[in-house]
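[1] Just to be clear, the model below is a prediction. Sequence and coordinates:
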Amino acid sequence: MSEPYASVIIPTHDRAATLDVTLRSMCGQTIRDIEVIVAMDGATDAVKAVAYQAAAEDSRIRVLDFPKASGRGSENRGLAVRAAQSEKIFYSDDDDLWLPNHVEKLGRALDNCEVAYSPTLSASISGTVHLGFVDYMIPDNRERLTRGELRLVFDTSLAHRRSTYFDVGDPWAHDTDKVVANLMSALSSPGNVRWHAVGTPTALSIHGATRRRFTPAQRRAELEDWTIRLASSTPESLVEAARVEWYVMRCLTKFRDRSFAGIDDFLPAIGIPAHADDPEQAIDFTDDQCHAASITIDLHNKKAVRSERLIEMLPYLLDPILGSTLHISQIETDLVESLGLPETLDLVGSVRATHPYYNELQKLMKSSLLRKSGRHDETRQSLDIRHDAPVYFQAEIYTADGVAAEALKQTNDAIDSALKALSGDGSYLPAHLLLIRCLARNKDFPAAKSAAEAVFALSPKSDIVDYVKRILG
């Protein structure tokens, strides 16, 4: 059997509802000479049924039925690389999608480098697309990626040579909480590993962290919808329609030891326009995207001024693309320090949300500002948020002195009720972290430590443990 042009690795555990949609996307590439490896990590019976059915229908699909590995299953990804028959290794999550030319474009780039990647496209729950890019051939950016400080690329948008993977130490074999970050760090550390960015997006990341409350049917419907949208889009049209302010702000917060006076300093630092001497590789922001990026930089520098454009941008800045990890509270602080509390509250009240999801975000920030203004009755009214809304978990940031603090004045039963109201089933991690923070703030350390035990049971990840320890001092 001849070596396939590329090997595609899809790790999977329990997403039976989306796996076959992702497989269709992988198998629909312009280059058909590929193998698609479904790397099971203690997969459920439902996932196995989908995978084996797909393999029966398309001989390019191979199923590797691994038992559950420790942690996040990193070891099984390494075993899949070992089993791969091609020198060109690609990845996709089991709930992401590719454009049809993904293998073609990155595969061609790998002829002249060891690691190839495309600009990041992230899909919001609202249907908005967010664009992010950093040129990792710039030495400072490369060093930051190695340290885990500036990662704007995901495995779905990246490919590498199989030989290079083993040259840098078989990184998937090392069990870690941050499995993808560990791979990126290993691939970016040696100076002789050449990275190359193609100029247009080739993949769409549909981040699961923001969709934890989606039912399997909802997840599948979203991927099916995006499949249709991508089929009628070009990479250029996706870039032109994308929002840039979220990833610009993420970059700014990651450059902790560096400041930018304006967009003329910022864009060259991240590599935009990149490879301007090669039209096929060129990436650039539109004038409108440059304007949005400029306002975002001013906001980060505490120099924002009220404008209709800032009002229009605010929902997209608040969008928790990667889950509850974005700097929403920092954006609020930047606004207050730029405009003052009354003006910020008025600005947030002026936002015309274009989607119910953004309306929930607006309510959360408004409730926080009302609380800081001492308008507690209005705060409670503003917090009338649908608890089944996908964004509800962001309440951890905004209700530290609201719902849970109020409950602390009552009984332990009331605390439990407040916790369940935030978490839905009383087990969602951010709600527990909120409770710990509130208990610690109110000096109830025995109760805080008890809540911490529940957190450790839910997630023994080292970064969560360290965060709780910082809360408890």
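    Here it is on my side, so go on. Numbers count the residues shown, from 1 in each chain.
[2] alpha carbons only for contacts and neighbour counts from here, please
    Will do.
[3] Now the phi/psi pair for residue 117, please.
    phi -150, psi 160 (degrees, to the nearest 10).
[4] Now do the contacts for the residue most central in space within the chain.
    Nearest residue to the geometric centre of the chain (Cα atoms, centre = their mean): residue 322, 2.9 Å. Going by Cα atoms under 8 Å, 6 or more residues apart in numbering, residue 322 touches 207-210.
[5] Pull out the buried residues from the residues you listed.
    Burial by neighbour count, judged by 16 or more other Cα atoms under 10 Å, picks out 207-208, 210 from the contacts of residue 322.
[6] what's the closest of the residues you listed to residue 375?
    Minimum distance to residue 375 across these is 30.3 Å, recorded for residue 210 (Cα to Cα).
[7] Can you tell me the SS state at residue 14?
    Following DSSP: H, G, I helix; E, B strand; the rest coil, the label given to residue 14 is coil.
[8] okay, now it: neighbour count?
    Using other Cα atoms under 10 Å, residue 14 has 18 other residues around it.
[9] if we can go back for a sec, show the pLDDT at the residue nearest to the centre of the chain.
    At residue 322 the predicted local confidence, pLDDT, stands at 80.
[10] which SS state does it fall under?
    coil.
[11] That one and residue 231: what is the separation?
    25 Å (Cα to Cα, to the nearest Å).
[12] Also residue 244?
    Per Cα to Cα, residue 244 is found 22 Å from residue 231.
[13] So between the two, which is more surrounded?
    residue 244 (26 against 10).
[14] just for this structure, where's the confidence low?
    Residues of the chain that meet the criterion pLDDT under 70 lie in 1, 176-177, 274-282, 323-328, 376-444, 451, 454-468, 470-473.
[15] ok, back up a step: any chance of the buried ones among the contacts of residue 322 in a markdown table, plus distance to residue 293 and secondary structure?
    Formatted as a markdown table, the buried ones among the contacts of residue 322 follow (distance: Cα to Cα, whole Å; DSSP: H, G, I helix; E, B strand; the rest coil):
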| residue | distance to residue 293 | secondary structure |
| --- | --- | --- |
| 207 | 23 | coil |
| 208 | 26 | helix |
| 210 | 24 | helix |
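[16] what number of residues lie near residue 340?
    By the measure other Cα under 10 Å, the count of residues near residue 340 is 12.
[17] Tell me which stretches of the stretch 51-200 of the chain form strands.
    Counting by DSSP state E, counting those that start in this stretch, the stretch 51-200 of the chain has these strands, from start to end: 61-66, 88-91, 97-98, 115-117, 120-123, 129-132, 158-161, 195-197.
[18] Given the third one, what are its sheet partners and their directions?
    Meaning strand 97-98. If you go by DSSP bridges, strand 97-98 pairs up with strand 203-204 (antiparallel).
[19] now do the last one
    Based on DSSP bridges, the pairing partners of strand 195-197 within the sheet are strand 115-117 (parallel).
[20] got the contact list for the strand it pairs with?
    106-107, 109-110, 153, 157-161, 187, 193-198.
[21] switch to 10 Å and redo it
    Applying Cα atoms under 10 Å, 6 or more residues apart in numbering, the set of residues contacting strand 115-117 from outside is 88-90, 102, 105-110, 135-136, 153-161, 164-165, 184, 187-188, 193-203.
[22] Kind regards, and thank you for your time.
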